[in-house]
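[1] Here is a sequence with its predicted model. Questions after.
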Amino acid sequence: MRTLNDTILQDSDAIYAAQLDGKGGATQITSDSLASNEKPYWVHLDYREPKSAQWLQDTPLIPPIAKDILLAENIRPKAQRLGEGIIINLQTINNNPNNRPDEFVGFRIYINSQIIISSRHRRVKSVDSVIHTLDVGEGPESSGDWLITMSDVVSDEIGDFIETLHDQLIELEDMILDEQIPARGELALLRKQLIVLRRYMAPQRDVFSRLSIEKLPWMSDDDRVTMLEISERLSRRLEDLDSSISRTAVIADEITSMMADAMNRRTYTMSLMAMLFLPTTFLTGLFGVNLGGIPGNAFNYGFPIFCLLLLLLIVVVAWWLKRSRWL
C-alpha cells in the first residue's frame, strides 16, 4: 500500500479526508501532510459530485466491484467481502431539514486495514457524529474500531427514532382510552413509518450479524463480540417494531369500533325521536286534512286543548319508553 497525500486525493472534492492517529484523533490530509501505512485513513465523498464520482472511478485504492457499489443510487443494507476488505451498505434515519425521518438516507463503506472510503449524497448525521468524535480526540483508533463506532452510532440513532415512534403510539393509545379519535391520517403515518423501518432494519441487523462472524484480519475478537452485541440490540429493536405494528392494528380496530358505536348511538337516538313523535305526527296529520266535520273546528279553545293533548301524549310515550328501558 503506497503512502497517500493530497496529490493522490487531488480533484476528489472529498467532504472529509484524514488519517487516524491511533489515539482517538485524526490528522487532516493536505498537500503538506503525508498519510503513512501505519494508521488507516478515511476519505468521505459525495458520490453525486462529478469530481468525486470521477475520482472513485479512477482511483487504484479500491477494487472495481467496490467502485460500482460506492457509486450506486438505490441500495439496501448488505455486506460483501472483497479479499481482506469489505463493502457495506447501511441505512439510517433522515435528519435533514424538510425531510421525513422514515425517508432513510443510505451510505456506503469500503474498509480494510489501511483505508476507509465512504460515500453518500444526502447528509448523514451518524457520519458527522463520528467525525466530531475524531475532532475532539475521542474517536476510533483503528479500522475495526471505526467500523464498531459507526455501527454503534447508527444503531443508537435508529433506536432513538423507534423510541419516538413508541411515544407517539402510547399517545394514541391514551387517546383511545379517553374515547378520543386521533386526527385523520395520524395512525396511518405512524404505521407506515413502523413498517418501512422494519423492512430496512431487518437486513441491516443481518449485516451486523455477518460482520460479527467474518474473520477479517483487522478486526479483533473483542470487535466481533461488540458487533454481535450491536446486532442483538438491533434485534430487540426489531421485536419492539413488531409489537408496535401489532398495537397499531389494535388501535385501528378500536377506532373502527368507536366510530361504529357513535354511528349506532346516533341512529338509535334518531329512532327514539321518531318513535316519540310518531303518535303526534299521526294526529296532526289526521286533524290537518282540509275536510269538514273535524272535531273542535268551531270551538274557540279547540287548538290550545289539542296542543295540550299532544304534549300529554309525548309525555306518556316518553314515560313508556323509559319504563321499557329504551331511554
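    Received the coordinates, thanks. Please read all numbers here as calculations on a predicted model, not as lab measurements. Numbering: from 1, shown residues only.
[2] Can you mark which positions in the helix or strand containing residue 313 are buried?
    Of the helices and strands defined by DSSP states H and E, residue 313 is found in helix 302-323. Along helix 302-323, these residues count as buried under the neighbour rule (16 or more other CB atoms under 10 Å): 306, 310, 313, 317. Yep, even glycine has a C-beta here, placed from its N, CA and C like the rest.
[3] JSON lines please, covering those residues and showing distance to residue 69.
    JSON lines is the format used below for those (distance: CB to CB, whole Å):
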{"residue": "306", "distance to residue 69": "90"}
{"residue": "310", "distance to residue 69": "85"}
{"residue": "313", "distance to residue 69": "84"}
{"residue": "317", "distance to residue 69": "79"}
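[4] Just give me the closest of those to residue 160.
    residue 317 (62.1 Å; CB to CB).
[5] quick one: contacts for the nearest residue to the closest one once chain neighbours are set aside?
    Taking CB to CB, 6 or more residues apart in numbering, and ignoring the residues beside it in sequence, residue 317 has residue 276 as its nearest neighbour in space, at 5.5 Å. Neighbouring residues of residue 276 by CB atoms under 8 Å, 6 or more residues apart in numbering: 314, 317, 318, 321.
[6] can you do 10 Å?
    Taking CB atoms under 10 Å, 6 or more residues apart in numbering, we find residue 276 in contact with 313, 314, 317, 318, 320, 321, 326, 327.
[7] ok, back up a step: contacts for the helix holding residue 313?
    In contact with helix 302-323 (CB under 10 Å, 6+ apart) are residues 272, 275-284, 287, 294-296, 299, 301, 326-327.
[8] now swap in stretch 174-191 and tell me
    Counting by CB under 10 Å, 6+ apart, the neighbours of stretch 174-191 from elsewhere in the structure are 100, 102, 165, 168-169, 171-172, 192, 244-245, 247-252, 254-255, 257-259, 261-262.
[9] tell me which residues in that stretch are buried?
    By 16+ other CB under 10 Å, the buried positions in stretch 174-191 come out as 175, 176, 182, 187, 190, 191.
[10] Now, those residues that are in helices?
    175, 176, 187, 190, 191 (DSSP state H).
[11] Next, format the residues you listed as CSV and append distance to residue 130 and pLDDT.
    CSV is the format used below for these (distance: CB to CB, whole Å; pLDDT from 0 to 100):
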residue, distance to residue 130, pLDDT
175, 39, 88
176, 41, 88
187, 36, 89
190, 30, 90
191, 32, 90
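[12] any idea which of the residues you listed is the one closest to residue 222?
    The shortest gap between residue 222 and any of these belongs to residue 190, at 38.8 Å (CB to CB).
[13] per-domain residue ranges of this protein.
    Structurally, the chain divides into domains by the TED database as follows: 6-258, 272-324.
[14] of those, which approaches residue 266 most closely?
    Between residue 266 and the domains of the chain, the shortest separation by CB to CB is 10.7 Å, and it involves domain 272-324.
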